[in-house]
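**Student:** Build me a model from this:
(one chain, ligands or ions: 1)
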Amino acid sequence: LPKAVGAGKKVLITAGPTEEPIDPVRVLTNRSSGKMGYALAAAAAARGAEVTLVSGPVSLKVPDGVKAIKVKTAQDMFLAVTEHAKDNDIVIGCAAVSDYRVEKVSDQKIKKQDGIDELTLKLVKNPDIIATVGHMEHKRPFTVGFAAETNNIEHYAKDKIVKKNLDLIVLNDVSKQDIGFNSDFNAVTVFDKEGKVAAFPKMTKEVLSGVLMDLIFEMNKKA
Ligand code: C5P
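**Tutor:** Down below sits the predicted model:
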């Protein structure tokens, strides 16, 4: 039998949304099912890799053979990823991370006040997790990002690859309604620093994850 493409490889994948508390009962979050990240984790494990999934709150089952670290906030996800990144060959950022968090989390439920019709929440920027991995100076893993764009896809892909110092970026065209987000389907285009590497038409996230992991293992071997 041929050796599995991911054998001996360690892969860390972020998945799902993050959840930023406002007060004890309210959160700020992103719409993300986590399906793509969990499917990638399953595909990487099926190809023989040792997989760590750093996951925000989702209702999906952790794939067999995958080690999961469950987190809630972007800061917790950042800590988990930066702790483990140097021990991995490949890091894939599939999570929909909250770009901002509430500066001062209220320790009591914020009350609705009579006569006051406006409430201001001050937000502060969260760290960019995959960009931090991309810019690691020591034991930097092969770094893959995801992006959801509706227009000027190639322009934004190139911009993000440079800013986050990624090896590959996987672009979802979210202007199409039947794919991406909560769907079981996705269609993506993959870019590296030189330009377009591959385009995959609409297929299930399970099938797509397989072809993406094959491509990622292949490109990592060449890098
Ligand atoms: O900049 P944008 O959010 O469009 O980039 C998306 C990519 O960056 C995804 O791979 C996502 O997981 C990652 N990201 C991150 N930390 C953030 C924001 C985005 O790792 N704070």
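**Student:** Residue 65 contacts residue 44, correct?
**Tutor:** No. Using C-beta atoms under 8 Å, residue 65 is not in contact with residue 44, being 9.8 Å away. In short, each C-beta sits where N, CA and C put it, glycine included.
**Student:** hey, what's in contact with both of those two?
**Tutor:** Taking C-beta atoms under 8 Å, 6 or more residues apart in numbering as the contact rule, residue 65 and residue 44 both touch residue 51.
**Student:** Looking at those two, which one has more neighbours?
**Tutor:** residue 44 (32 against 14; other C-beta atoms under 10 Å).
**Student:** Point me to the helix or strand that includes that one.
**Tutor:** Using DSSP states H and E, residue 44 sits within helix 35-46.
**Student:** For the next helix-or-strand element following that helix, which outside residues touch it?
**Tutor:** Once helix 35-46 ends, the next helix or strand along the chain (criterion: DSSP H and E) is strand 50-55. Strand 50-55 has contacts (C-beta under 8 Å, 6+ apart) with 9-16, 34, 37-38, 41, 44-45, 62-63, 65-71, 77, 80-81, 84, 88, 95.
**Student:** quick one: average confidence on strand 50-55?
**Tutor:** Mean per-residue pLDDT for strand 50-55: 98.
**Student:** So which elements touch the following helix or strand past it?
**Tutor:** Scanning forward in sequence from strand 50-55 by DSSP H and E, the next helix or strand is strand 67-70. When contacts are defined as 3 or more C-beta pairs under 8 Å, 6 or more residues apart in numbering; DSSP states H and E, strand 67-70 sits against strand 50-55.
**Student:** near the ligand, which residues of this structure show up?
**Tutor:** 14, 74, 93-95, 97, 99, 126, 128-130, 145-147, 160 (C-beta under 6 Å from any ligand atom).
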